[in-house]
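A.B. asks: Fold the following and give me the result.
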Amino acid sequence: MEISVFSDSKTVSSCFSALEKSKGFSVNYNTLSELKKKGQSLPADAVIYADFSGLTQPAVKKNLTILSSLNRIFGILDAKGSYDDPALFFHAGACDYIGKAPFKSGVNKARIKKVYEYGIKSLNIQQAETASPVKFTSPVSGNDWKKITQGKEYTFSFMYIELDNQKEIKKRFPGNALEDFTREFHNFVEQSVLNINGKIWMWTDLGGLVLVPFDGETCPAIFTGFKMMLNRRITSFENFDYDMLFSYRIAIHIGSTVYQSRGDTGKIVSDSVNSIYHLKENFAGAGKMYLTEEAYNFIPREFENYFIKAGTYEGRDIYRMLELV
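C.D. replies: Below you'll find the predicted structure:
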């Protein structure tokens with residue numbers, strides 16, 4: 001996670017020294033005059049701290065207006081304890097206030113976690129406009145597999161999940177050991193999608209494509225993928241005896257394909273299958289989860305603030321899940 005500090009103080013780094021040593025955090029420092037210019041180019045899930053220590057009232061008003069307009073999670077630094085009523089900052093959208101005593105103690109990982117969780121729940125994190133409703137050319141496949149017939153075309157939810165660092169994994173598990181490792185990961189994916197009627201449809205080495213029936217109203221694959229990303233660390237040590245932290249990428253799309261049983265998919269020609277394969281191969285980053293605009297249209301309301309627009313790929317908007325602490 002990126003922490004961007006805007007301050008003219010030479011000692012401000014002392015407040016973030018513990019955080020700089022924490023894994024998964026990147027702390028960068030800028031002058032307060034750079035807030036407007038650099039703030040706009042920061043990742044949407046960055047946390048900003050602006051140093052208001054000793055500022056005049058006009059300067060406070062000016063910089064607070066800038067912070068509010070950035071639509072990012074932000075906090076105020078006040079090492080001198082210059083403000084008697086810090087609630088004013090929260091009324092303007094701040095998610096944290098570091099006064100005199102907290103400044104001396106320093107900002108740690110636990111505090112950032114609380115600030116971040118508060119921010120994504122209470123703020124309107126920058127989102128691209130929701131894509132236009134998708135018109136599906138094929139009939140929806142339903143809630144289960146009962147009415148799905150081989151050889152006919154339906155609209156499905158597609159969920160591609162694949163392990164990262166594959167070269168290192170293959171070096172670590174040569175020969176039969178790799179087969180055992182692959183089987184365990186395959187079984188983990190299979191069990192993870194069982195409660196949403198998902199089926200592993202295509203599989204290659206260390207990842208594969210899951211097909212989930214789609215009823216035209218909800219996309220339960222989003223929640224399942226979200227849960228798999230959040231529980232990745234726990235899963236690594238509770239489900240596998242390999243003393244390693246699993247990293248995988250997930251891509252979710254809603255589209256159409258002719259359905260054939262697993263193992264008989266070699267001759268299937270599907271733009272949707274090609275699209276999600278290209279997305280995970282050429283766009284998706286390690287350890288991250290992505291939704292195409294078609295899937296994003298069906299995101300549950302309570303999950304909207306956990307996704308930001310990541311860019312455009314092959315003519316469609318792509319959304320990325322925020323990296324939660």
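
A.B. asks: Skipping adjacent residues, who's closest to residue 152 in space?
C.D. replies: residue 259 (6.4 Å; CB to CB, 6 or more residues apart in numbering). No exception for glycine: its C-beta is placed from N, CA and C like everyone else's.

A.B. asks: What's the separation between residue 86 and residue 71?
C.D. replies: 21 Å (CB to CB, to the nearest Å).

A.B. asks: cool, and residue 1?
C.D. replies: Residue 1 is 17 Å from residue 71, by CB to CB.

A.B. asks: What of residue 195?
C.D. replies: When residue 195 is compared with residue 71 (using CB to CB), they lie 35 Å apart.

A.B. asks: cool, residue 295 as well?
C.D. replies: 23 Å.

A.B. asks: could you pull out the strands for the stretch 151-300 of the chain?
C.D. replies: Applying DSSP state E, counting those that start in this stretch to the stretch 151-300 of the chain gives strands spanning 153-163, 199-204, 207-213, 248-258, 289-292.

A.B. asks: that older thread, between residue 195 and residue 71, which has more neighbouring residues?
C.D. replies: Taking other CB atoms under 10 Å, residue 195 and residue 71 do not tie; residue 71 has more neighbours (16 against 9).

A.B. asks: Phi and psi next, for the more buried one.
C.D. replies: phi 60, psi 40 (degrees, to the nearest 10).

A.B. asks: what separates it from residue 15, distance-wise?
C.D. replies: To residue 15, residue 71 is 24 Å away according to CB to CB.

A.B. asks: for residue 310, same thing?
C.D. replies: 31 Å.

A.B. asks: repeat for residue 197
C.D. replies: Following CB to CB, the distance that separates residue 197 from residue 15 is 50 Å.

A.B. asks: Same check on residue 319?
C.D. replies: 33 Å.

A.B. asks: And for residue 246?
C.D. replies: Distance from residue 246 to residue 15, by CB to CB: 34 Å.

A.B. asks: These two: who's more crowded?
C.D. replies: Shown here are residue 246 and residue 15; by other CB under 10 Å, residue 15 has more neighbours (23 against 20).

A.B. asks: which helix of the chain spans the most residues?
C.D. replies: helix 176-192 (DSSP state H).

A.B. asks: Now do that one: distance to the chain's middle.
C.D. replies: Put simply, helix 176-192 sits 24 Å off its chain's centre (CA atoms, centre = their mean, to the nearest Å).

A.B. asks: Just the residues contacting it, thanks.
C.D. replies: Identification of contacts with helix 176-192 by CB atoms under 8 Å, 6 or more residues apart in numbering yields 161, 163, 169-170, 173, 200, 203, 205-206, 208, 210, 224, 228, 235, 239-240, 242, 246.

A.B. asks: and what of stretch 102-114?
C.D. replies: By CB under 8 Å, 6+ apart, the list of residues contacting stretch 102-114 reads 1, 3, 14-19, 22, 25, 47, 49, 77-79, 96, 98, 325.
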